[in-house]
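Student: from the sequence below, what's the structure:
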Amino acid sequence: MLLIESWCNTRAFFFVFFKYDEGVIRNTLTKLIQEALDSLGAGEKNFTVEHPQRLAFGDYSTNAGIVSGKAKEIADYIEAHKPEEIEKIEVKAGFINFYLSKGFLAQSLREIIEEGDSFGKNSILKGHKVMVEYTDPNPFKEFHIGHLMSNAIGEAISQTIEWSGAEVKRACYQGDVGMHVAKAVYGMQKKSDSPYAFGSKAFEENEDAKKAIQEINKKTYDRSDAEINKLYDAGKKISLEHFSEIYKRLGTKFDFNFFESEVWQTGKEIVEANTPAIFEKSDGAIVFKAEKYDEHLHTRVFINSEGLPTYEAKELGLAKIKDEKYAADKSIVITANEVDDYFKVLLCAMQQIFPKLAKKTKHLSHGILRLTTGKMSSRTGDVITAEALIDEVKAKVKGDEAVAVGAIKYMILRASIGGDIIFDLEKSVSTEGDSGVYLQYAHARTHSLLEKSTIKADAKGKRGETHEVEKLLYRFPEVVERAMTEYAPHFITTYLTELAGSFNNFYAHEKVLDDSSESAYRLAIVSAFQIVMKNGLTILGIPAPERM
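Tutor: Numbers count the residues shown, from 1 in each chain. Below you'll find the predicted structure:
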């Protein structure tokens with residue numbers, strides 16, 4: 001699925017930063033294959049041109065020979081008209097495989113080195129404005145590992161969009177009013193060391209406490225009680241300062257911070273203004289019967305019987321205020337998939353009231369982060385905090401914070417964002433592959449090699465056989481684009497892991513630092529690898545230390 005449907009016609013078929021462009025080669029081969037089919041009288045066929053899963057089967061492969069039954073004839077035609085970037089064509093089991101020339105691969109190294117920190121960027125979304133909302137911790141509650149998951153995904157999504165040329169604004173929406181706040185303030189009144197957990201337990205077990213907390217909830221909305229205001233303000237200040245420290249550790253900077261206390265009134269007014277046209281009164285509350293618009297949806301309360309807005313109404317106010325603050329072309333909201341059903345109803349209601357806002361709003365949900373002990377519980381206070389997890393991993397990597405953050409983010413971003421993740425502490429710090437530490441080590445090694453070298457990297461220098469790593473490096477821009485269009489940072493993680501393995505194999509079998517005539521070219525491979533690995537880690541929000 002494309003990031004923004006209306007942007008389809010802005011997608012370029014080439015990357016402006018890369019002379020020998022991957023997209024151009026693919027398109028050239030596609031055109032030649034169709035020409036071959038036409039010349040053979042085979043007409044239009046649905047065929048693919050893609051990278052084979054194994055590099056041994058070429059750099060590109062097509063199934064056109066299988067769908068047409070004319071593999072040899074197509075290969076012969078392309079052989080007679082092949083572009084200079086293609087060195088060899090072969091037919092295997094009906095597939096036609098294409099191998100890139102040494103000249104292309106050498107030129108790709110030169111382009112990577114020349115572009116440096118910009119390699120992998122494209123202009124597909126140039127001129128577009130995007131807001132990405134993620135993390136969304138609630139003051140008065142812990143910043144738990146679920147928020148850590150949202151943060152890692154949100155930052156990576158933001159980066160892939162930025163690398164495609166869009167202006168991106170990062171936003172965080174925080175619930176600073178509601179029953180969780182009232183429970184925490186009640187706990188603060190009782191001078192508990194764990195205010196929220198204390199208040200939650202009291203709310204469930206003590207009827208008097210429950211009534212007191214409900215009254216506190218009303219007062220936090222209307223700011224009508226000086227004592228409660230004092231406790232509330234102090235608690236919120238402490239929470240936000242704590243969150244700020246965590247963001248520094250994670251490398252996150254938000255452009256906008258939105259709060260429920262700032263949007264609830266707007267949300268309530270929107271609902272009331274559209275009652276009874278869209279919303280309906282029911283048992284003292286105001287509800288939205290989404291099933292009237294979509295049989296797969298259900299009724300949800302937008303203003304409760306006490307006259308207070310629910311999350312749904314607040315989200316309507318938030319959408320309006322977001323648009324007033326920053327008129328984005330696309331507004332992406334990242335949450336856990338536990339609220340999928342709720343968000344579908346919200347978007348249905350938004351479609352009736354603000355159709356333009358609804359059209360440009362994309363809800364992107366992720367799974368739950370679990371440890372080997374199972375899912376966390378915020379109700380009881382038995383919470384696995386982000387801080388605790390970072391510190392535990394940090395202890396495993398000799399106190400290196402950059403490595404610890406990288407290890408955690410990698411484990412979150414290595415898989416498709418829709419599913420749950422079981423966080424394995426030992427795997428997260430493994431140096432044997434499939435870990436952030438593995439990628440960081442590979443990057444750090446290149447700095448050591450380049451610092452020790454007494455000669456300059458030169459992709460125009462003498463070269464020997466083609467190395468596997470060369471056949472992967474030029475693909476980075478393609479991977480970045482796919483990660484952006486499919487909301488899938490894991491494509492970058494998977495690519496970098498394969499690239500690191502390929503580079504380590506190259507390093508193990510080739511003497512990079514010697515006085516042979518091929519050393520300058522080998523160093524060019526090292527330099528290009530360093531650039532691509534650093535750029536990839538940057539997109540993922542993973543630190544790229546020069547020494548480890």
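Student: now for residue 250, how many residues are close by?
Tutor: Using other Cβ atoms under 10 Å, residue 250 has 20 neighbouring residues. No exception for glycine: its C-beta is placed from N, CA and C like everyone else's.
Student: domains of the protein?
Tutor: As recorded under automatic domain parsing, the domains making up the chain are 5-100, 106-123+418-540, 134-370.
Student: can I get those in CSV with distance to residue 408 and mean pLDDT?
Tutor: Putting the domains of the chain into CSV (distance: least, Cβ to Cβ, whole Å; pLDDT from 0 to 100) gives the following:
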stretch, distance to residue 408, mean pLDDT
domain 5-100, 29, 82
domain 106-123+418-540, 7, 95
domain 134-370, 7, 97
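Student: now do the strands in the chain.
Tutor: For the chain, applying DSSP state E gives strands covering 49-50, 60-62, 86-92, 95-100, 129-133, 167-174, 256-259, 280-282, 285-289, 299-303, 330-336, 361-366, 369-370, 421-422.
Student: need these in TSV (columns: mean neighbour count and distance to residue 440).
Tutor: Shown next, in TSV, are those (neighbours: other Cβ atoms under 10 Å; distance: least, Cβ to Cβ, whole Å):
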stretch	mean neighbour count	distance to residue 440
strand 49-50	15	30
strand 60-62	23	31
strand 86-92	16	34
strand 95-100	21	29
strand 129-133	23	25
strand 167-174	21	24
strand 256-259	17	31
strand 280-282	13	56
strand 285-289	21	48
strand 299-303	20	45
strand 330-336	22	25
strand 361-366	20	24
strand 369-370	21	21
strand 421-422	16	20
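Student: one step back: of all the domains of the chain, which lies closest to residue 400?
Tutor: Residue 400 lies closest, by Cβ to Cβ, to one member of these: domain 106-123+418-540, at 9.3 Å.
Student: need the domains of the chain in CSV (columns: distance to residue 385).
Tutor: Formatted as CSV, the domains of the chain follow (distance: least, Cβ to Cβ, whole Å):
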stretch, distance to residue 385
domain 5-100, 38
domain 106-123+418-540, 13
domain 134-370, 5
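Student: please verify my assumption that residue 389 contacts residue 408.
Tutor: Yes: counting by Cβ atoms under 8 Å, residue 408 is a contact partner of residue 389 at 6.5 Å.
Student: what residues are shared contacts of these two?
Tutor: Contact criterion Cβ atoms under 8 Å, 6 or more residues apart in numbering; residues shared by residue 389 and residue 408: 148, 423.
Student: same drill for these two, tell me which one is more crowded.
Tutor: residue 408 (28 against 20).
Student: measure that one to residue 372 for me?
Tutor: Residue 408 sits 15 Å away from residue 372, going by Cβ to Cβ, to the nearest Å.
Student: hmm, back to that, and the domains of the chain: which comes nearest residue 393?
Tutor: Within those, the stretch nearest residue 393 is domain 106-123+418-540; the backing value is 6.2 Å (Cβ to Cβ).
Student: how long is that closest one from one end to the other?
Tutor: 27 Å (Cα to Cα, to the nearest Å).
Student: and stretch 508-528, by the same measure?
Tutor: Start-to-end, stretch 508-528 (Cα to Cα) is 17 Å.
Student: got it, and stretch 135-145?
Tutor: Terminal-residue distance, stretch 135-145 (Cα to Cα): 10 Å.
Student: buried ones in that stretch?
Tutor: By neighbour count on 16 or more other Cβ atoms under 10 Å, the buried set for stretch 135-145 is 135-145.
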